[in-house]
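K.L.:
Got a predicted model here, sequence first, then my questions.
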Amino acid sequence: MKLEGAQKIAAEVIKRLSPYCEKIEVAGSIRRRKSIVHDIDLVLIPFDPWNLESEVLALAHPLKPKMSGEKLKRLDYCGAQIDLYYASPETWSTLLLIRTGSKENNIRLCRRAKDLGRHLAANGDGLFDGTGKRIAGDTEISIYNALGLPYQPPWERK
């Protein structure tokens, strides 16, 4: 679908879910401003999980995710696939970074981390040094800085 249509659907979903979320933000190709969007990625921190779950079930039909668990819900809303990624305050920035992508950018960041003897956790836990100590992840910029890279806004992540 075209970016404008995806943005409209994302805004509708955010409007419905935001009363139950501490934070909710668009990620993925919409955040990167790609002209064609295949699915809609949203990262959220729930503060009212019970009512959030009720609203999610009322909002859309669940799809079977390739990976199951409490951190991802895949939905069909108005014919669009919506992926909801559940974060905590500690995982928010890293999960937003990873779920924004692009795949190539994520590979570049993970490769850079590995070259430095570090590990960027794709589950959102953050950037860790060789001893397992978390050294970055409170902001996207902190991860880029810890990797010795200039920060790239989402629309420049190719």
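P.N.:
Arrived safely. Numbering: from 1, shown residues only.
K.L.:
for T139, what are its contacts?
P.N.:
By CB atoms under 8 Å, 6 or more residues apart in numbering, the contact set of T139 is S93. All C-beta spots, glycine's among them, are computed from the backbone N, C-alpha and C.
K.L.:
One more: A121?
P.N.:
T94, L127, F128.
K.L.:
which ones among these are found in helices?
P.N.:
T94 (DSSP state H).
K.L.:
and which of the contacts of A121 is nearest to E22?
P.N.:
T94 (16.3 Å; CB to CB).
K.L.:
Tell me the confidence at the closest one?
P.N.:
The model reports T94 with a pLDDT of 97.
K.L.:
how far away is it from K34?
P.N.:
21 Å (CB to CB, to the nearest Å).
K.L.:
of these two, who's got more company?
P.N.:
A count of neighbours by other CB atoms under 10 Å puts T94 above the other of T94 and K34, at 26 against 17.
K.L.:
what sits against that one?
P.N.:
When contacts are counted by CB under 8 Å, 6+ apart, T94 touches L120, A121, G124, D125, G126, L127, G137, E140, I143.
K.L.:
which one is the last one nearest to, not counting chain neighbours?
P.N.:
Using CB to CB, 6 or more residues apart in numbering and skipping residues adjacent in sequence, the residue nearest I143 is A136, 4.8 Å away.
K.L.:
Mind giving me the packing neighbours of the worst-scoring helix or strand of the chain on mean pLDDT?
P.N.:
Counting by mean pLDDT, DSSP states H and E, the chain has its least confident helix or strand at strand 61-63, which shows a mean of 71. Secondary-structure packing of strand 61-63 (3 or more CB pairs under 8 Å, 6 or more residues apart in numbering; DSSP states H and E): strand 72-77.
K.L.:
List the buried residues for the next helix or strand after the strand it packs on?
P.N.:
Following strand 72-77 in sequence order, the next helix or strand is strand 80-86 (DSSP states H and E). Residues of strand 80-86 classed as buried by neighbour count (16 or more other CB atoms under 10 Å): A80, I82, D83, L84, Y85, Y86.
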